[in-house]
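the following block contains a protein sequence and its predicted model.
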Amino acid sequence: MKSLYYLLLFSLVVPLRVTAQTQSDEKTSFTLDESISYALTNAVAVKNARVDSQISESKVKETTGIGLPQINGSVALQHNPKLPRFYSKYTAGQPSIIDLSQIPGIENGDVVAFQNVFQLPSNGTAGITVNQLLFSRSYLVGLKAADTYKDLAYKTEEQTQIQVVEMVTKAYYAVLVNNERIALFDDNIARVDTLLRNTTEMNKNGFSEAIDVDRIQVSLNNLKTDRLKFVNSQNLSLALLKFQMNYPMEKELTVVGNLDELRVNENLFNEYQDGWDYKNRIEYKLLDTQRKLQELDIKNKYSNSLPSLSGYLNMGYGTQSPTIGGLFKTESKIANTAEFGPDRWYPYTAFGVTLNVPIFTGLQHTYQIQQSKLALLKLQNNYNSLKQSIDLSIEQNTLLYKNSLETLKSQQDNMRLADKVARVTKIKYEQGVGSNIEVTDAENSLKQAQINYYNALYDVIVAKIDLDKAYAKLDPSKYATAQPAK
């Protein structure tokens with residue numbers, strides 16, 4: 001009985017411990033690199049791009065398979081209740097398989113229909129057919145095109161990964177900035193709450209008026225309301241980060257890091273200009289690969305007008321019988337003997353080569369080649385357009401980064417000055433040489449300065465990410481080995 005009791009207890013406790021452990025594992029913290037690594041592994045867009053790359057590899061193998069032997073096997077059984085008749089024209093004096101002159105009433109030039117003596121009603125065949133492409137210029141071009149198509153799929157996957165790195169980085173820093181904002185609100189609330197308690201005591205002792213207490217209470221209420229707004233905004237930012245990472249929405253997610261690790265580099269432009277080339281941009285690589293594909297398409301259309309050579313081999317067994325059932329018997333008489341053969345299926349073999357020479361196709365190839373050349377011309381025109389677009393992107397994001405840096409410096413100075421003013425004003429008020437209005441105004445100014453500073457800081461981060469993208473500095477490969485920390 002005790003054994004049964006412990007067994008039941010064990011069966012209940014162990015699942016609870018496993019569940020508790022699973023729930024604990026769900027609480028996962030991510031650094032920026034780990035967030036990007038998780039997204040590059042789990043994001044739907046990246047998964048689909050990776051599947052497209054695998055499809056391209058299969059496409060290459062499919063094209064390669066065209067040049068390998070094509071082998072088909074077949075088995076056919078057929079029964080003819082009424083065999084077609086043979087027809088012969090009687091010509092007097094001419095030799096014939098059947099002596100038609102013995103048929104009564106036949107005249108010279110008559111056509112005679114007689115029963116099929118060369119075929120039995122039922123027949124069966126079983127064999128294989130082998131076809132081998134020996135030479136085809138179009139096939140050789142197709143092999144090159146298949147490799148280029150695979151390269152295009154890989155570059156498209158890389159472009160998708162770059163987009164994921166960009167979006168996850170922006171979402172991650174949005175969460176981080178909001179964390180700092182909420183922490184600042186907590187500090188401000190604590191400071192104003194302390195001021196409220198001191199002012200309340202001063203009011204009780206007759207050193208301040210009730211309206212002073214009310215003003216500070218209003219400031220404290222506003223701070224708490226603004227903090228709640230940022231907390232709600234933070235929940236939305238976390239949801240966006242989970243969405244970009246394809247992280248389960250129902251699971252908890254926390255970010256690891258702080259803004260002190262962020263370094264603003266004012267010499268970024270000089271570093272990026274060294275060794276800069278349009279070919280570094282993934283859009284340029286994609287366009288270049290599309291151009292190669294189009295050139296191969298033109299070559300392929302030219303190749304379609306060239307001869308191709310293939311070989312074939314047909315081999316198998318065949319038989320005939322008066323009935324369907326007779327096809328499955330294993331004995332038959334051998335002609336002119338009283339013996340029986342081992343079976344009624346007899347082998348056959350045929351092989352040869354086929355040379356296909358296109359002669360005239362109604363000028364279809366001519367106009368197909370013309371269309372492909374015009375499509376290539378469009379791609380070549382896109383090079384200039386892409387370069388101009390990249391130049392504009394670099395110039396625009398460089399200007400935005402410079403402006404955001406200047407704004408950040410200004411807002412940082414404003415926040416420092418506002419903090420100084422708030423501290424001095426509070427001291428003056430507590431010493432009785434300042435007014436309550438000055439204190440509340442200073443607190444409001446500090447709060448606004450802090451909001452402006454973090455808005456400017458996030459603008460710098462976004463401008464930096466956009467500038468990295470413009471200079472092709474967002475490299476997904478460096479995140480391949482990062483693993484999420486638990």
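Noted; the coordinates are in hand.

show me the helices in this protein, by range?
2-26, 32-42, 44-65, 137-204, 210-245, 268-273, 282-303, 364-430, 436-470 (DSSP state H).

what's the most buried one of the ones you listed?
Among the helices of the chain, helix 32-42 has the highest mean neighbour count (mean count of other CB atoms under 10 Å), at a mean of 21. Bear in mind the C-beta positions are built from the backbone N, C-alpha and C, glycine included.

show me what that one is packed up against.
Contact partners of helix 32-42 among helices and strands, from 3 or more CB pairs under 8 Å, 6 or more residues apart in numbering; DSSP states H and E: helix 137-204, helix 210-245.

and stretch 119-128, C-alpha only, in CSV?
Extracted C-alpha coordinates of stretch 119-128, given in CSV (Å, rounded to 0.1, in the frame of the first residue of the first chain):
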residue,chain,number,x,y,z
GLN,A,119,-0.7,-11.4,-85.0
LEU,A,120,-2.5,-13.1,-82.1
PRO,A,121,-5.4,-11.4,-80.3
SER,A,122,-3.4,-10.9,-77.0
ASN,A,123,0.1,-9.5,-76.7
GLY,A,124,2.4,-8.3,-73.9
THR,A,125,5.6,-6.3,-73.7
ALA,A,126,8.0,-5.6,-70.8
GLY,A,127,11.0,-3.4,-71.3
ILE,A,128,13.2,-0.4,-70.4
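
tell me how this protein divides into domains.
Taking automatic domain parsing as the domain assignment, the ranges for the chain are 26-76+136-308+361-479, 86-118.

I'd like to know which of those domains is closest to T129.
Nearest to T129 among those is domain 26-76+136-308+361-479 (4.9 Å), distances taken as CB to CB.

just how off-centre is the closest one within its chain?
Here domain 26-76+136-308+361-479 is found 18 Å from its chain centre; the criterion is CA atoms, centre = their mean, to the nearest Å.

likewise for stretch 111-118?
On CA atoms, centre = their mean, the centre of stretch 111-118 falls 68 Å from that of its chain.

need the contact partners of it.
Stretch 111-118 is contacted from outside by L83, P84, R85, F86, Y87, S88, K89, Y90, I98, L100, I103, I106, using CB atoms under 8 Å, 6 or more residues apart in numbering.

quick one on the thing from earlier: tabulate the helices of the chain (JSON lines), appending mean pLDDT and distance to F114.
Shown next, in JSON lines, are the helices of the chain (pLDDT from 0 to 100; distance: least, CB to CB, whole Å):
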{"stretch": "helix 2-26", "mean pLDDT": "44", "distance to F114": "87"}
{"stretch": "helix 32-42", "mean pLDDT": "91", "distance to F114": "79"}
{"stretch": "helix 44-65", "mean pLDDT": "89", "distance to F114": "50"}
{"stretch": "helix 137-204", "mean pLDDT": "89", "distance to F114": "51"}
{"stretch": "helix 210-245", "mean pLDDT": "88", "distance to F114": "83"}
{"stretch": "helix 268-273", "mean pLDDT": "77", "distance to F114": "94"}
{"stretch": "helix 282-303", "mean pLDDT": "92", "distance to F114": "53"}
{"stretch": "helix 364-430", "mean pLDDT": "90", "distance to F114": "49"}
{"stretch": "helix 436-470", "mean pLDDT": "89", "distance to F114": "87"}
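
output those as JSON lines; include the columns distance to P121.
As requested, the helices of the chain are arranged in JSON lines below (distance: least, CB to CB, whole Å):
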{"stretch": "helix 2-26", "distance to P121": "72"}
{"stretch": "helix 32-42", "distance to P121": "66"}
{"stretch": "helix 44-65", "distance to P121": "41"}
{"stretch": "helix 137-204", "distance to P121": "45"}
{"stretch": "helix 210-245", "distance to P121": "72"}
{"stretch": "helix 268-273", "distance to P121": "85"}
{"stretch": "helix 282-303", "distance to P121": "49"}
{"stretch": "helix 364-430", "distance to P121": "47"}
{"stretch": "helix 436-470", "distance to P121": "77"}
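
follow-up on the earlier one: ok, the contacts of stretch 111-118 vs K292, which is closest?
Among these, and counting by CB to CB, the member closest to K292 is P84, at 57.4 Å.

follow-up on the earlier one: among the contacts of stretch 111-118, which one lies nearest to L286?
Closest to L286 out of the contacts of stretch 111-118 is P84 (62.4 Å), distances taken as CB to CB.

looking at the nearest residue to that closest one once chain neighbours are set aside now. What's its pLDDT?
Among residues not flanking P84 along the chain, N116 sits closest, at 6.3 Å (CB to CB, 6 or more residues apart in numbering). On pLDDT, N116 comes in at 77.

same check on S101?
With respect to pLDDT, S101 scores 69.

list the contacts for L152?
S56, L286, T289, Q290, L293.

might one say that the fourth one is in contact with Q380?
No: in terms of CB atoms under 8 Å, Q290 does not count as a neighbour of Q380; the distance is 10.7 Å.

got the contact list for stretch 102-110?
Counting by CB under 8 Å, 6+ apart, K89, Y90, T91, A92, L100, V112 sit against stretch 102-110.

report the buried residues of it.
Buried residues in stretch 102-110, counted by 16 or more other CB atoms under 10 Å: none are found.

how about it as CSV, C-alpha atoms only?
Taking C-alpha atoms only, stretch 102-110 is exported to CSV below (Å, rounded to 0.1, in the frame of the first residue of the first chain):
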residue,chain,number,x,y,z
GLN,A,102,-7.1,-19.5,-106.1
ILE,A,103,-9.9,-17.4,-104.8
PRO,A,104,-13.0,-17.8,-107.0
GLY,A,105,-14.3,-14.8,-108.8
ILE,A,106,-11.3,-12.6,-108.1
GLU,A,107,-10.1,-10.4,-110.9
ASN,A,108,-7.0,-8.5,-111.7
GLY,A,109,-6.9,-5.3,-109.6
ASP,A,110,-9.3,-6.4,-106.9
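
and S372, how far from D297?
5 Å (CB to CB, to the nearest Å).

can you pull the contacts of N42?
If you count contacts by CB under 8 Å, 6+ apart, N42 has them with M245, N246, Y247.

how many neighbours does A126 have?
By other CB atoms under 10 Å, 14 other residues sit near A126.

was I right about it contacting M315?
No: using CB under 8 Å, A126 is not in contact with M315, being 10.3 Å away.

now, the most widely separated pair of the contacts of stretch 102-110?
Spatially, the most separated pair among the contacts of stretch 102-110 is A92 and V112, at 13.1 Å (CB to CB).
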